[in-house]
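**Student:** Give me a 3D structure for the following:
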Amino acid sequence: MNSSLVEGIALALRQVARNRILLPYPRFHSMLPAHMPLSVRYDLLEAAAGRLEDLKVCDYGVLLALDCGMPGSDFFLRFRRRRFDDYVQALGDPRYVRPTRKKKAALVALERARVYQHVVYCTANCLEAEKV
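**Tutor:** Residues are numbered from 1 along each chain as shown. Model (predicted):
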């Protein structure tokens, strides 16, 4: 995996988190070579989000946004794979229930708040470490 691409994506995710804004998918895709398959792009995104924090704690990939403001299916698949119990609690068991848009929006809001809180914590700790 190309570590410079992972670093670039991680940097972009950290910046949008600090500014409490979202990263549109077209901007994310413009950071990558045009010929790169989608599966590789999302593997890079997962690696970058994992570099910022363990995906079982929070997923910076939630900051990517479609035109409607919600993340794409890649986020929900990753969340379900990494934090199945939280997924079931928020959206219901995928074997029996199809998640509603309202429940998805609530999950996204909660995860974005978790990411924003994490970036504030990390920034404060980095500043504190520089003082020492």
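
**Student:** in what helix or strand does residue 96 lie?
**Tutor:** Counting by DSSP states H and E, there is no helix or strand that carries residue 96.

**Student:** mind listing what it touches?
**Tutor:** Contacts for residue 96 (C-beta atoms under 8 Å, 6 or more residues apart in numbering) come out as none. No exception for glycine: its C-beta is placed from N, CA and C like everyone else's.

**Student:** and the gap between it and residue 123?
**Tutor:** Taking C-beta to C-beta, to the nearest Å as the measure, residue 96 falls 41 Å from residue 123.

**Student:** For the chain, give me the ranges with low pLDDT.
**Tutor:** Low-confidence segments of the chain (pLDDT under 70): 1, 126-132.

**Student:** ok, which stretches of the protein are helices?
**Tutor:** Here the chain has its helices, by DSSP state H, at 3-18, 25-30, 38-52, 73-82, 84-91, 101-131.

**Student:** which one of those lies closest to residue 63?
**Tutor:** Closest of these to residue 63 is helix 3-18, at 5.2 Å (criterion: C-beta to C-beta).

**Student:** in that closest one, what's buried?
**Tutor:** Of all the residues in helix 3-18, those buried under the rule 16 or more other C-beta atoms under 10 Å are 5, 6, 9, 10, 12, 13, 14, 16, 17.

**Student:** So what touches that helix?
**Tutor:** With contact meaning C-beta under 8 Å, 6+ apart, helix 3-18 is reached by 22-23, 27-28, 31-32, 44-45, 47-49, 51-52, 60-61, 63, 115-116, 118-119, 123.

**Student:** Next up, the contacts around the spatially most central residue of the chain.
**Tutor:** Closest residue to the average C-alpha location of the chain: residue 61 at 1.4 Å, with C-alpha atoms, centre = their mean. The contact partners of residue 61, by C-beta under 8 Å, 6+ apart, come to 13, 45, 46, 49, 71, 74, 75, 78.
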